[in-house]
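Peer 1: Predicted structure and sequence below. I'll ask about it afterward.
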Amino acid sequence: MDFFIQSAWAQDGAAPAAPGLGGFILPLVFIAALYFLLIRPQAKRAKEHTAMVSGLNKGDEVVTAGGVLGKITETGDQFVTLKIAANTEIRVQRNTISAIVPKGTMKD
């Protein structure tokens, strides 16, 4: 029966290999992928939204995050007043405005 079992002989003087640079490359690749696929685009969108909100003017037609379409009639530091229908105005926070739509989108 001994002819089926092979003896494993350890080599003399062979030390186990220490983890080198290869052990750090894979986590760095994952971190870089997360940065370029998730963090960077989100920061870019946030920067664009902040620029859009800070540039709101009276007369702009906008859509809020809730889907309300209106024309800006008054602006303030934190709030804007939207005319959404004849004799109907609402005040919303500036940050809830999600998009500026082309003029003429809102019918009177």
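Peer 2: Looks like it arrived, so ask away.
Peer 1: I'd like to check what contacts stretch 58-73. Which residues are they?
Peer 2: By CB atoms under 8 Å, 6 or more residues apart in numbering, the residues outside stretch 58-73 that reach it are 56-57, 74-75, 80-84, 89-90, 92, 96-106. Yep, even glycine has a C-beta here, placed from its N, CA and C like the rest.
Peer 1: just stretch 94-106 next, same as before
Peer 2: So stretch 94-106 is contacted by 49, 52-53, 56, 59-66, 69-71, 75, 78-80 (CB under 8 Å, 6+ apart).
Peer 1: buried stuff in it?
Peer 2: 94, 97, 100, 106 (16 or more other CB atoms under 10 Å).
Peer 1: least confident pick among those?
Peer 2: Within the set of these, pLDDT is lowest for residue 106 (84).
Peer 1: biggest helix in this structure by residues?
Peer 2: Longest helix in the chain, counting residues (DSSP state H): helix 40-54.
Peer 1: Identify the residues contacting that one?
Peer 2: So helix 40-54 is contacted by 94-95, 97-100 (CB under 8 Å, 6+ apart).
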